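[1] only the shape, not the letters, is given here:
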């Protein structure tokens, strides 16, 4: 036991006063003569004996009373077990990722957690509250009540390790009490915390009642018809579904089509057919689990003509004019000696078709064109200048052409390459293989698109994410190859010549470093913005001659359909979706916080801290003892004769 005011204990010396008073009576007894005291002798002895007992009882009571009163003023207490942690900074880390939309026994996990924090945190408690994407440092619960009640779900994944880094960077070297409130969905490995030795980490796991969930994974154009697009909607099921799920397709606010996912045989894919026009809408399903993955926003731009220029002899370019028809392409061809270099930057694709050598001026121009988002298709001449070819290829990548080889068949197709993603309904293995009589061996890093039977590259691809270089290792004229007669010739050149920014579907995933290229020119003082009715932001912008590259990073924060605006003019429709990283509610990793103190509620957390960190003050018990002794003294005075 310790005392807050030990100097008051000196007053215990005053206990000698009642002792002296009781031991040395100042009043003397006077004798009174009676005629006959024989009958009073026995009574006199009894009275003196009881009077002595009463005096000693009163002495003891008064000594104890005075002692208890002095001890109460000295304020005794028992020291807390964790006194050295009394001044720890209090931090509550609240997971507001999309998995916290799941419903627990008292409603949505996040909303229930916020309510518990507001109801059970003392108003005068100084604390910091951190979420996946927001920080409220050094505040109290009353000051941030409105912000917590308005807290939205975040597309930023819950990363306790990164949050600890944020905490340490804010106030390094200060001991902290940190409470993580999360459902532990999607956490990997285990928390590795390096904190002050007096810091403590607590963990409250919130559990969902149901882990069933259905997510819209992807939307793509599976087939392009003359007047229609065929859309393929891909779903992912986490555990079995309990009821049929309705699915609806909207263009803006207009309902375009409806269907049903059957609980008996849940489809992983559903097909919709829509007119071949601009589309700016979303797919929506209704299930009883998470809601964030029930929407997939996408935009389709009505096909615009792509500009394709072929550089080579007219005779060898003839087959290209049959692929790049006037209804879909602005196709032109030019021989090298009559080439107008100023036209190159306005092309969506440039085809170098069997030139025997490439001038350095053309190489430099094409490299600049590639760096700014252009597509180049290089077809070598089997009798061409290998040194000129390698000089050209090395300016794009470390690819080189080496020795010539004899006849080989083209037997392998990269079905996942963007050129062929929507060409085949299934992987084909029994088609008639094209061949090349003579070809160059290719070395270096590149992405194979078509390969020979010996795994050598027939058509390769290299990219800087803006531009694309497609290169053949063999001439494809009819004397050297029958590739022009193969069913592959049309989809291969058609897709290499298409500008994906002028056609196709876009439905970006937020946070995947997406970008798009706008065919527009602006002055240096102007910027393009991206906005919809509720939100607006300005992306990173890079001017590429007559084009603008927009990079989105982690923006926007809210999924939806947006438009790229120049002042108030809409240049392009784009769509953004949340990543589906939180959809699987069964991926709970409670062991992530294995080395932390587990609490079942925030009330338990506060009680543990209070009981372990607060001294036990017992002065009030001495006050109660004093009052009891006063009562005892009164009883002695009244009943003891």
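    Nice, thanks for sending it over. In this text, all values refer to a predicted model and were calculated from it rather than measured experimentally. Numbering: from 1, shown residues only.
[2] ends of stretch 176-187, how far apart?
    One end of stretch 176-187 sits 23 Å from the other (CA to CA, to the nearest Å).
[3] same check, this time on stretch 576-584
    Start-to-end, stretch 576-584 (CA to CA) is 21 Å.
[4] need the contact list for residue 536.
    529-530 (CB atoms under 8 Å, 6 or more residues apart in numbering). The C-beta positions use only the backbone N, C-alpha and C, and glycine is treated the same way.
[5] run the last query once more with 6 Å
    residue 529 (CB atoms under 6 Å, 6 or more residues apart in numbering).
[6] measure it to residue 214 for me?
    Residue 536 sits at a distance of 32 Å from residue 214 (criterion: CB to CB, to the nearest Å).
[7] excluding chain neighbours, what is closest to residue 603?
    residue 120 (4.9 Å; CB to CB, 6 or more residues apart in numbering).
[8] now stretch 300-319: buried residues?
    300-301, 303, 305-312, 316-317, 319 (16 or more other CB atoms under 10 Å).
[9] what's in contact with that stretch?
    Stretch 300-319 has contacts (CB under 6 Å, 6+ apart) with 277-279, 320, 324, 329-334, 347-354, 477, 484, 497-499, 502-503, 505.
[10] can you name every helix or strand that the helix or strand residue 93 falls within contacts?
    Element membership for residue 93 (DSSP states H and E) is strand 89-94. Applying 3 or more CB pairs under 6 Å, 6 or more residues apart in numbering; DSSP states H and E, we find strand 89-94 packed against strand 127-130, strand 176-182.
[11] can you say which of those is packed in most?
    Greatest average neighbour count among the helices and strands packed on strand 89-94 goes to strand 176-182 (a mean of 24), per mean count of other CB atoms under 10 Å.
[12] just checking: what are the partner strands of that strand?
    Using DSSP bridges, the strands paired with strand 176-182 are strand 89-94 (parallel), strand 200-205 (parallel).
[13] closest one to residue 465 among those?
    Among the strands paired with strand 176-182, the nearest to residue 465 by CB to CB is strand 89-94 (35.4 Å).
[14] before we move on, the earlier item: the residue nearest to residue 603 is in contact with residue 602, isn't it?
    Yes - here residue 120 lies in contact with residue 602, judged by CB atoms under 6 Å, at a distance of 5.1 Å.
[15] neighbour count for these two, which is higher?
    Counting neighbours by other CB atoms under 10 Å for residue 120 and for residue 602 shows that residue 602 has the greater number, 20 against 16.
[16] before we move on, the earlier item: need the strands paired with strand 176-182 in CSV (columns: mean pLDDT).
    CSV is the format used below for those (pLDDT from 0 to 100):
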stretch, mean pLDDT
strand 89-94, 91
strand 200-205, 89
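[17] residue 525: which of those is closest?
    Nearest of the strands paired with strand 176-182 (CB to CB): strand 89-94, 42.5 Å.
[18] just checking the distance from that closest one to the centre of its chain.
    Relative to the centre of its chain, strand 89-94 is centred 19 Å away, using CA atoms, centre = their mean, to the nearest Å.
[19] after it comes which helix or strand?
    Using DSSP H and E, the first helix or strand after strand 89-94 is strand 103-104.
[20] quick one: average pLDDT of that next one?
    Mean pLDDT, strand 103-104: 89.
[21] show me what secondary structure element comes after that strand.
    Heading C-terminal from strand 103-104 (DSSP H and E), you reach strand 107-108.
[22] report pLDDT for the residue nearest to residue 603.
    For residue 120, pLDDT reads 90.
[23] which ones are touching residue 131?
    With contacts defined as CB under 6 Å, 6+ apart, residue 131 is in contact with 94, 96.
[24] oops, could you answer that again for residue 593 instead?
    Neighbours of residue 593 in contact, by CB under 6 Å, 6+ apart: 191, 203.
[25] with residue 369 instead?
    Per CB under 6 Å, 6+ apart, neighbours of residue 369: residue 344.
[26] list the buried ones in the helix or strand harbouring it?
    Using DSSP H and E, residue 369 falls within helix 360-371. Applying a neighbour-count criterion of 16+ other CB under 10 Å, one finds 362-363, 365-367, 369-370 buried in helix 360-371.
[27] quick check: mean pLDDT of that helix?
    On average, helix 360-371 scores 92.
[28] just stretch 522-535 next, same as before
    The model assigns stretch 522-535 a mean pLDDT of 88.
[29] end to end on that stretch, go ahead and measure it.
    23 Å.
[30] now swap in stretch 293-307 and tell me
    38 Å.
[31] give me the neighbour count for the closest residue to residue 151 other than its chain neighbours.
    Counting by CB to CB, 6+ apart, residue 151 lies nearest to residue 96, which is 5.9 Å off, once chain neighbours are set aside. Per other CB under 10 Å, the neighbour tally for residue 96 reads 24.
[32] try residue 260
    Residue 260 has 12 neighbouring residues, counting by other CB under 10 Å.
[33] equivalent analysis for residue 544, please.
    Counted with other CB under 10 Å, residues neighbouring residue 544 total 19.
[34] contacting residues around it?
    Counting by CB under 6 Å, 6+ apart, residue 544 touches 372-373.
[35] give me that answer again for 10 Å
    Residue 544 sits next to 345, 368-369, 371-374, 466-467, 517-519 when contact means CB atoms under 10 Å, 6 or more residues apart in numbering.
[36] so in terms of bridging, what pairs with it?
    Beta-bridge pairing of residue 544 under DSSP bridges involves residue 547.
[37] how far away is it from residue 470?
    In this view, residue 544 and residue 470 are 20 Å apart by CB to CB.
[38] name the nearest residue to residue 449, ignoring sequence neighbours.
    Closest to residue 449 by CB to CB, 6+ apart is residue 459, at 4.3 Å.
[39] so the one you found touches residue 486, yeah?
    No - contact criterion CB atoms under 10 Å: residue 459 and residue 486 do not qualify, at 11.7 Å.
[40] joint contacts of these two?
    With CB under 10 Å, 6+ apart as the test, residue 459 and residue 486 both reach 410, 450, 476, 492.
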